[in-house]
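Engineer: I would like the atomic coordinates for the input below:
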Amino acid sequence: MASQLKRPVTLSARDREELLRLTTTGVHSASAIRRARVLLALDTSVGEPDPKEVIAARLGVSGEMLRLVARRFAETGGDIQATIGRKKRALPPVPSPVT
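Structural biologist: Residues are numbered from 1 along each chain as shown. Coordinates of the predicted model:
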């Protein structure tokens, strides 16, 4: 049974190398490494990816996490740095009481 993704992730060779380097060397946040591993597992350029349930179990994440990373990759136009990085919020959640 093939993995059925609404938003397939296709990485270039350069992007794959960068993600592999990020996951194996240097000091990076755990969430960035986790998202990079998800992107590598969902990559369709090296062949058909495993089913989502298998990927989620192997990486220790939920199926929802796979869906969210794939959606963010599609929304950023394939920019891996914007996908694995932390999204900056526009405004504080509560307005300041001091004006």
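Engineer: point out where the protein drops to low pLDDT.
Structural biologist: The chain contains residues with pLDDT under 70 at 1-5.
Engineer: please, where are all the helices along it?
Structural biologist: 13-24, 30-42, 52-59, 63-75, 80-84 (DSSP state H).
Engineer: of all the ones you listed, which one comes closest to residue 92?
Structural biologist: Residue 92 lies closest to helix 30-42 among the helices of the chain, at 21.2 Å (CB to CB). No exception for glycine: its C-beta is placed from N, CA and C like everyone else's.
Engineer: rewinding a little: so can I have a markdown table of the helices of the chain showing distance to residue 94 and mean neighbour count?
Structural biologist: Output for the helices of the chain, formatted as a markdown table (distance: least, CB to CB, whole Å; neighbours: other CB atoms under 10 Å):
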| stretch | distance to residue 94 | mean neighbour count |
| --- | --- | --- |
| helix 13-24 | 34 | 14 |
| helix 30-42 | 24 | 19 |
| helix 52-59 | 34 | 15 |
| helix 63-75 | 25 | 17 |
| helix 80-84 | 27 | 19 |
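Engineer: for those, which one sits closest to residue 96?
Structural biologist: Nearest of the helices of the chain to residue 96, taken as CB to CB: helix 30-42 at 27.7 Å.
Engineer: export only the CA atoms of that closest one, formatted as PDB.
Structural biologist: Extracted in PDB, the C-alpha atoms of helix 30-42 (Å, rounded to 0.1, in the frame of the first residue of the first chain):
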ATOM      1  CA  ALA A  30      15.000  19.300  18.600                       C
ATOM      2  CA  SER A  31      11.900  20.500  16.700                       C
ATOM      3  CA  ALA A  32      14.000  21.500  13.700                       C
ATOM      4  CA  ILE A  33      15.700  18.100  13.600                       C
ATOM      5  CA  ARG A  34      12.300  16.400  14.000                       C
ATOM      6  CA  ARG A  35      10.800  18.400  11.100                       C
ATOM      7  CA  ALA A  36      13.900  17.700   8.900                       C
ATOM      8  CA  ARG A  37      13.600  14.000   9.600                       C
ATOM      9  CA  VAL A  38       9.900  14.100   8.600                       C
ATOM     10  CA  LEU A  39      10.700  15.900   5.400                       C
ATOM     11  CA  LEU A  40      13.400  13.300   4.500                       C
ATOM     12  CA  ALA A  41      11.000  10.500   5.200                       C
ATOM     13  CA  LEU A  42       8.200  12.100   3.100                       C
END
